[in-house]
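Pasting the sequence and the predicted coordinates here, then a few questions.
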Amino acid sequence: MITVPDPGGLCSTWTDREQFTYQGHSLELRYQTEPPHGDFLYSLTLSLNVAKYRLPLWVYGRSLFFFGPSLLLAESVPARSISNLKSVVIDLSSARYALLDSWYHQPQLTEQGLLLTGFHGGASLLLTPSTPLIWQKFYCEGVHP
């Protein structure tokens, strides 16, 4: 189990299964496949209250950026795929996610918010509390004792 420090930051994993806790929220990554370039792709399950929720995307274990009171930025692809890479913001406190329009890397916390650099010279994005995001819910896997 990896406990992410309170201010958050960058974490990575290359194991078959890993658990993370951040600000009292618990999530689990399970290895799914390895694309030709060698990075691991994982399914992500979030434990929230007495239920488990599954993200309907796969995430790379190489660049998990925890920030704010309960947020995670990850690189994602559609489940059972290795293409169409985009960044995703995950709200660990409410089992919801917002898929961003592109793949961003090198997240940097600033006084204004989280600054994301567009890959291959793309435009940058500044995430602030007022940034309009389209939130979607995780799949609920059921209630667990």
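Everything's here; your move. Treat the numbers as computed from the prediction; the structure is a model and nothing was measured.

Now the residue nearest the centre of the chain. Nearest residue, chain neighbours left out?
Geometric centre of the chain, nearest residue: Ala74, 3.4 Å, by Cα atoms, centre = their mean. Nearest residue to Ala74, sequence neighbours excluded (Cβ to Cβ, 6 or more residues apart in numbering): Val59, at 4.2 Å. Glycine gets a C-beta too; all of them are placed from N, C-alpha and C.

Now do the contacts for the one you found.
Shown in contact with Val59 (Cβ atoms under 8 Å, 6 or more residues apart in numbering): 29, 41-42, 44, 74-76, 88.

residues contacting the residue nearest to the centre of the chain?
Contacts of Ala74 (Cβ under 8 Å, 6+ apart): 44, 59-60, 63-65, 87-88, 90.

what does Leu71 give?
Leu71 makes contact with 89-92, according to Cβ under 8 Å, 6+ apart.

Thr128: which of the contacts of Val59 is nearest?
Val88 (17.4 Å; Cβ to Cβ).

Surely the closest one is in contact with Trp103?
No - using Cβ atoms under 8 Å, Val88 is not in contact with Trp103, being 10.0 Å away.
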